[in-house]
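K.L.:
model this:
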Amino acid sequence: MVITSKARAVCLAGVLALAACTTGGSTGGAVLDYGQSSRYSQAEVTAAADVVLAEFRHYWSGCELRRLWYDETWSDEQITDDLTTSGGNSLKESGADIANAMIWRMDFYAGKRCGSGVVSPGQLYTDYSWILVREGPAAAWTILDQGYG
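P.N.:
This is a model prediction of the structure:
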């Protein structure tokens, strides 16, 4: 069987189109602000950001990350509130402590093909939160929860 260059081009175009439909969110133009931390090293803060970025790139198809930032003062206030308020929440239930938890925020645009199923295409979302925890200073960061509220 002989495959012509035209057939190869059509096949390649199909593969590229399929890849475009299955790629995750775009982070290339995002502003990243790692903030200042009195608790974590720059490597620890960067590792946490990398977890959020990887999740966004993989699962947020059709969405564009505009800004991702960490504000330790704000994060600590939210974590303290979650750990001390009555009632259940994912942070309290995880058993995490403030030394092994951080909350990042992001602004993102939900494009026409944003595949998250939770957001409305064509909308800009601000102050979306990511709660990250780890089992200790040597452990990797993981996403415990995300969203608003």
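K.L.:
just the pLDDT for the residue nearest the centre of the chain.
P.N.:
Taking Cα atoms, centre = their mean, the centroid of the chain lies closest to Val52, which sits 3.2 Å from it. Per-residue confidence (pLDDT) for Val52: 98.
K.L.:
assign the closest residue to it other than its chain neighbours to helix, strand or coil.
P.N.:
Excluding its sequence neighbours, the residue lying closest to Val52 (Cβ to Cβ, 6 or more residues apart in numbering) is Trp130, at 5.0 Å. The way it works is simple: take the backbone N, C-alpha and C, and place the C-beta from them, glycine included. The three-state assignment at Trp130 reads strand, by DSSP: H, G, I helix; E, B strand; the rest coil.
K.L.:
how about the strands in this protein?
P.N.:
Residue ranges of the strands in the chain, as given by DSSP state E, are 31-33, 63-70, 101-110, 123-133, 142-147.
K.L.:
can you add mean pLDDT, mean neighbour count and distance to Gly88 and give these back as JSON lines?
P.N.:
Supplementary listing: the strands of the chain in JSON lines, determined by pLDDT from 0 to 100; neighbours: other Cβ atoms under 10 Å; distance: least, Cβ to Cβ, whole Å:
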{"stretch": "strand 31-33", "mean pLDDT": "97", "mean neighbour count": "13", "distance to Gly88": "31"}
{"stretch": "strand 63-70", "mean pLDDT": "97", "mean neighbour count": "20", "distance to Gly88": "25"}
{"stretch": "strand 101-110", "mean pLDDT": "96", "mean neighbour count": "22", "distance to Gly88": "16"}
{"stretch": "strand 123-133", "mean pLDDT": "95", "mean neighbour count": "17", "distance to Gly88": "14"}
{"stretch": "strand 142-147", "mean pLDDT": "94", "mean neighbour count": "15", "distance to Gly88": "12"}
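K.L.:
look up how far Gly122 lies from the residue nearest to Val52.
P.N.:
23 Å (Cβ to Cβ, to the nearest Å).
K.L.:
hmm, back to that, residue contacts, the residue nearest to Val52?
P.N.:
By Cβ atoms under 8 Å, 6 or more residues apart in numbering, Trp130 lies in contact with 52, 55, 103-106, 143, 145-146.
K.L.:
wait, isn't Ala47 in contact with Thr142?
P.N.:
No: taking contacts as Cβ atoms under 8 Å, Ala47 lies outside contact range of Thr142: 10.9 Å.
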